[in-house]
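Trainee: Here is a sequence together with a model predicted from it:
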Amino acid sequence: MPSGSTMETTMLQYEFMRIALIVGILLAIAVPIIGVTVVLKRLSMIGDALSHASMAGILVGLLLNFNPILGAMLISLIAALSIEFIRKRFERYAELSIAIITSAGLGLAAVLLGFVSNATNFNSFLFGSIVSITTFEFIMVIVVTFMIIGVALILYRSLFFMAFDEEAAKLSGIKTGWINLIFTILTALVVSLASRTVGALIVSSLMVIPVTCSLVVGRSYLQVVLYSALFGVFFMIAGLMLSFYQGVKSGGSIVMVGIVTLVVLMVIKGVMKRIKA
Amino acid sequence: MEKTVIDVRDVSFSYGNNLVLDKVSLQVMKGDFFAITGANGSGKSTLIRLILGLLKTQSGSITVLGEAVASFSQHAQLGYVAQKGLSHSFGFPASVYEVVGLPLKTVFSASKRQARHQKIMAALAQVNMQDFSKRMISELSGGQLQRVLIARELILNPKILFLDEPTNGLDSPMIHELFEILHTLNRKNQMTVLLITHSDEQLRENITHTILIEDHHAVRIDHGDNHVAV
């Protein structure tokens, strides 16, 4: 490293890293915001289901020779709407919908993989490739992130009320059907985009771990939402720095920073409880 | 003249081929403290859910506050504390203050925020929970959480309050305290209260009328000794 430069300055000298950071930070805000509602509605594995469906969508795009990200978004959308449909039909076994779609996504991906001649492109979607984002993907991340932030602000009370008690929310006049639809679409879009950056196998962790950390420290629903985004950003920046300076995979680094943070927070909380007792 | 706030006429309902309610009729007047009782699975919750519009009637008609349920628009006039509310809410990461304020729209100006704050604290005061506003929901006992859920429904000053088995999981002192709060709301605020209970002990708690759901039919028992099949 040139003398006088910091680690951060060196990393930021490269345009691909600057873009990776911007994309990463935007997704690190958007995915956990979605994750708060997902976790509180006890649909924590939906990220897995949609990312597996995204994999199938990517393969559809590769096989039919159109942008794989569009394929991922389309199939993810169909999967998300299917989950919502099955969830309403089998209310008592809502988690079944996630298991069914996860299986369907994996099964379809496994079948289609056999027809792809060059699997290298597909492998980059499994573990992510945040440093090789295309202009189209960059623009989509910006658009979807700001849509999610906008919806989270405008529908803050409705999403909170629906996560707490959907029936009471409906009785109070909130249009729960429409809001569930909007939320489902945004979840599908952000998962398919995040699959490209952090990888289909890891996007679920980005949805759940920042939220779990914020549940440990948050003292209100508002704090849980804000801290989820902050933790997401912290994991993303720390993970990307680890990836750049230590040469480890970015997706895995982001997740492991999250896991370590969660363990540390839980230990600290446990120790503080004992001190107070 | 007493005003009818709920008018159920010849309502029948089945879950698939399973008949639950058969031509049930019921009139609730303003200020009534109504209990709906019956064995488990007799259709008590189903009746409440039909009145609230959460289920669609298959025959018969229901009007609430003069409006047909199918096109009901006065949502703020009704409060509902569901049976599963307690178990579902435990552990939710929100403060008491946030939960009670849920039915109120988000406001930004200082004066409106102050008015919102006062409404929340007033609702908490009605259930003797004003000192718990900063507590997390997860830190409350069953009885305290039940009171918070009631406060959430009271914040818009509803005309009718529905409670589905509000005393489930509560011990006797908590049940007594809960009924004291409900009676105060009924007498002072002229709020009509409908609650589902299968406890005989609770039926003696100064309830004005009882509907017994038995064999898919409703039998009305007025406070006193008149039994009238409806």
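Mentor: Structure's in. What do you need? Residues are numbered from 1 along each chain as shown, chains lettered A, B, ... in the order given.
Trainee: where along the stretch 51-200 of chain A do the helices fall?
Mentor: In the stretch 51-200 of chain A, the helices defined using DSSP state H, counting those that start in this stretch lie at A:68-89, A:94-113, A:120-127, A:135-154, A:156-164, A:166-171, A:176-197.
Trainee: So which elements touch the fifth one?
Mentor: Packing contacts for helix A:156-164, counted by 3 or more CB pairs under 8 Å, 6 or more residues apart in numbering or on different chains; DSSP states H and E, involve helix A:15-40, helix A:166-171, helix A:176-197. C-beta here means a position set from N, CA and C on the backbone, and glycine is covered the same way.
Trainee: next one: the last one
Mentor: In terms of contact count using 3+ CB pairs under 8 Å, 6+ apart, helix A:176-197 is assigned the packing partners helix A:15-40, helix A:46-63, helix A:68-89, helix A:135-154, helix A:156-164, helix A:166-171, helix A:203-217.
Trainee: For chain B, give me the ranges with low pLDDT.
Mentor: B:1-2, B:84-88, B:199-206, B:223-230 (pLDDT under 70).
Trainee: likewise the stretch 51-200 of chain A?
Mentor: The low-confidence ranges in the stretch 51-200 of chain A, as defined by pLDDT under 70, are A:118-122.
Trainee: Name the residue of it that lies nearest to chain B.
Mentor: residue A:173 (4.2 Å; CB to the nearest CB).
Trainee: Look up how far residue A:161 lies from that residue.
Mentor: Distance of residue A:173 to residue A:161, computed by CB to CB, to the nearest Å: 10 Å.
Trainee: These two - which one has more neighbours?
Mentor: Ranked by neighbour count (other CB atoms under 10 Å in any protein chain shown), residue A:173 and residue A:161 place residue A:161 first, with 22 against 13.
Trainee: That one reaches residue A:168, doesn't it?
Mentor: Yes - in this structure residue A:161 lies within contact range of residue A:168 using CB atoms under 8 Å: 7.1 Å.
Trainee: can you list residues touching both of those two?
Mentor: Residues touching both residue A:161 and residue A:168 (CB atoms under 8 Å, 6 or more residues apart in numbering or on different chains): residue B:102.
Trainee: The residue nearest to the spatial centre of chain B bridge partners, please.
Mentor: In chain B, the residue lying closest to the centroid (CA atoms, centre = their mean) is residue B:162, at 1.5 Å. Applying DSSP bridges to residue B:162 gives these bridge partners: residue B:80, residue B:194.
Trainee: List the residues that contact it.
Mentor: Counting by CB under 8 Å, 6+ apart, residue B:162 makes contact with B:48, B:51, B:52, B:78, B:79, B:80, B:81, B:194, B:195.
Trainee: Now with 7 Å, please.
Mentor: Listed by CB atoms under 7 Å, 6 or more residues apart in numbering or on different chains, the contact set of residue B:162 reads B:48, B:52, B:78, B:79, B:80, B:194.
Trainee: out of the helices of the stretch 51-200 of chain A, deepest packed?
Mentor: Stretch with highest mean neighbour count among the helices of the stretch 51-200 of chain A: helix A:176-197 (a mean of 23; mean count of other CB atoms under 10 Å in any protein chain shown).
Trainee: tell me the angle of it relative to helix A:15-40?
Mentor: Orientation of helix A:176-197 against helix A:15-40 (axes from the mean of the first three to the mean of the last three CA atoms, to 10 degrees) gives an angle of 140 degrees.
Trainee: Which positions in chain A make contact with chain B?
Mentor: Residues of chain A lying near chain B by CB under 7 Å from any CB of the partner chain: A:40, A:156-157, A:160-161, A:164-165, A:167-168, A:171-173, A:215, A:218-221, A:224.
Trainee: mind listing the helices for chain B?
Mentor: B:44-52, B:85-89, B:96-100, B:110-126, B:142-154, B:172-188, B:200-203 (DSSP state H).
Trainee: could you dump the ones you listed to a markdown table with mean neighbour count and distance to residue B:64?
Mentor: A markdown table is the format used below for the helices of chain B (neighbours: other CB atoms under 10 Å in any protein chain shown; distance: least, CB to CB, whole Å):
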| stretch | mean neighbour count | distance to residue B:64 |
| --- | --- | --- |
| helix B:44-52 | 23 | 6 |
| helix B:85-89 | 19 | 20 |
| helix B:96-100 | 24 | 24 |
| helix B:110-126 | 15 | 22 |
| helix B:142-154 | 24 | 15 |
| helix B:172-188 | 16 | 18 |
| helix B:200-203 | 13 | 24 |
